[in-house]
Each structure stands twice: as C-alpha cells, then as structure tokens.
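Q: Predicted model and sequence follow; I will ask about them next.
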Amino acid sequence: MSGVISSEVPDEPQVKTGLAIPYWAWAIIAGLVALIGIKLRRKAGRKSARRDLMGDASPAAIAILDAMCHAAKADGHVSPSELIEIAEAAQKMTGEKIDPKRVAEMAKLAESNLTDQDYKRLVAGRTEDEKEVMMRGVLFVAVADGKLDSKEQQFVGKLAGVMQMPATKIQALLGDVVAARSGNTAT
C-alpha cells in the first residue's frame with residue numbers, strides 16, 4: 001500500500017480555530033503598540049522642549065543642565081533651592097541670566113524615572129572633564145534641599161555607573177560640594 005494517501009487526510013485543508021488569535025486580541029496588541037508610540041512621542045517632545053528652553057547653550061551645557069533637571073526631579077519633588085542651583089549653573093555655563101520660571105519649566109519637563117538608555121544619552125559624547133562638571137552639578141542639586149534621599153542616591157549611582165566614575169571620585173566630589181555649601185569653598 002505504499003504511495004496511497006491515508007483516508008484520514010481530509011480533501012480540504014482545515015484550520016483549527018483554537019490556534020488563531022481572536023480579533024479582540026489583535027485589537028489589544030494594536031492598542032498597546034499605539035500607547036507605547038504615544039508615550040515615546042511625548043517623551044521626545046519633552047526632551048525637545050527642554051532643549052528649546054536651554055537656548056543656544058553648547059551641547060555639553062545642555063547635557064549638564066538636563067542631568068541637573070533630572071536629578072532635581074529624581075525624588076518626585078523639585079524644591080526652590082534645587083531650581084536656584086540649576087539657574088546659577090546655567091548662568092555660569094551659558095553666560096546668560098536664566099529666568100527661574102524657565103528653569104522650573106525645564107525641571108517640570110524632566111523625566112523622573114530614567115531608563116538606562118536615558119543615562120547613556122546624558123553622558124554620550126562628554127569628555128572626562130565634562131562628566132566631572134556634570135556630576136558636580138548633579139550633586140549640588142541633589143543636596144540643595146539639605147538631604148540626599150534614596151532616589152537621588154539612586155540617580156547619582158546610575159549616572160556614575162554609566163560614566164564609569166569610581167565611588168572614591170563621587171565621594172570626593174560630594175565632599176567638595178558639602179564644603180562649598182557650608183562656605184569652605186574647595187571647588
């Protein structure tokens with residue numbers, strides 16, 4: 001009986017409906033993809049708006065100010081003292097007096113939960129000196145309200161990790177920042 005097709009094989013192919021994905025499942029998948037797209041577009045819009053608020057600053061200054069804004073927002077609350085630190089740093093880096101309302105808007109547009117890719121973006125293309133200035137600025141902002149809470153510590157730790165900055169360097173910079181804030185300028 002070789003070469004004969006078994007009688008169990010149907011004349012017409014049959015699709016088992018148990019394997020097909022129902023239309024409602026496709027609708028949920030499409031909805032999730034659309035939601036992710038909207039979220040990414042909003043994030044890109046906030047990033048673009050922050051850059052627009054920073055004016056004609058150099059790419060390094062923009063990255064440093066952006067990092068400072070993210071640091072300010074890391075704990076979920078941007079204090080007036082943090083805004084002052086950012087405004088003073090912005091003025092030093094750009095030579096332009098920055099309106100505190102503009103700084104507040106920049107901080108408002110910052111992300112509070114950065115991804116690993118966001119940290120890499122902040123550091124990308126920065127020299128070692130620029131990374132040190134960025135970390136010093138972030139530390140000034142993080143301790144501006146008088147405390148370094150766990151979310152700010154986490155922000156500093158992740159940024160330091162991406163920068164590949166040793167803990168001893170972070171501790172030294174933090175010591176400089178604390179000394180500068182108490183009037184014993186070591187910076």
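A: Received, thanks. Values in this document were obtained by computation on a predicted structure and should not be read as measured data. Numbering: from 1, shown residues only.

Q: from here on, contacts and neighbour counts on C-alpha atoms
A: Fine.

Q: What is the helix or strand containing residue 120 packed up against?
A: Taking DSSP states H and E as the definition, residue 120 sits inside helix 116-123. Secondary structure elements in contact with helix 116-123, counted by 3 or more C-alpha pairs under 8 Å, 6 or more residues apart in numbering; DSSP states H and E, are helix 59-73, helix 150-163.

Q: The ones you listed: lowest mean pLDDT?
A: Mean pLDDT across the helices and strands packed on helix 116-123 is lowest at helix 59-73; the value there is a mean of 87.

Q: Sort out which residues of the following helix or strand past that one are buried, please.
A: From helix 59-73 onward toward the C-terminus, using DSSP H and E, the following helix or strand is helix 80-94. Neighbour-count burial for helix 80-94 flags 81, 82, 83, 84, 85, 86, 87, 89, 90, 93, 94 (criterion: 16 or more other C-alpha atoms under 10 Å).

Q: Around residue 30, how many other residues sit close by?
A: Neighbour count of residue 30, defined by other C-alpha atoms under 10 Å: 12.

Q: Out of the helices and strands packed on helix 116-123, which is closest to residue 115?
A: If you check each of the helices and strands packed on helix 116-123 against residue 115 by C-alpha to C-alpha, helix 150-163 wins as the nearest, at 9.8 Å.

Q: distance between that closest one and the chain's centre?
A: Its chain's C-alpha centre lies 11 Å from the corresponding centre of helix 150-163 when counted by C-alpha atoms, centre = their mean, to the nearest Å.

Q: Can you show me the CA trace of it as CSV?
A: The C-alpha atoms that make up helix 150-163 are tabulated as CSV, following Å, rounded to 0.1, in the frame of the first residue of the first chain:
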residue,chain,number,x,y,z
SER,A,150,17.4,57.3,48.3
LYS,A,151,16.0,58.2,44.9
GLU,A,152,18.6,60.9,44.5
GLN,A,153,21.3,58.5,45.6
GLN,A,154,20.0,56.0,43.1
PHE,A,155,20.1,58.7,40.3
VAL,A,156,23.7,59.6,41.3
GLY,A,157,24.7,55.9,41.4
LYS,A,158,23.3,55.1,38.0
LEU,A,159,24.8,58.2,36.4
ALA,A,160,28.2,57.3,38.0
GLY,A,161,27.9,53.8,36.7
VAL,A,162,27.3,54.9,33.1
MET,A,163,30.2,57.4,33.5
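
Q: If anything else comes up later, I'll come back, but that's it for now.
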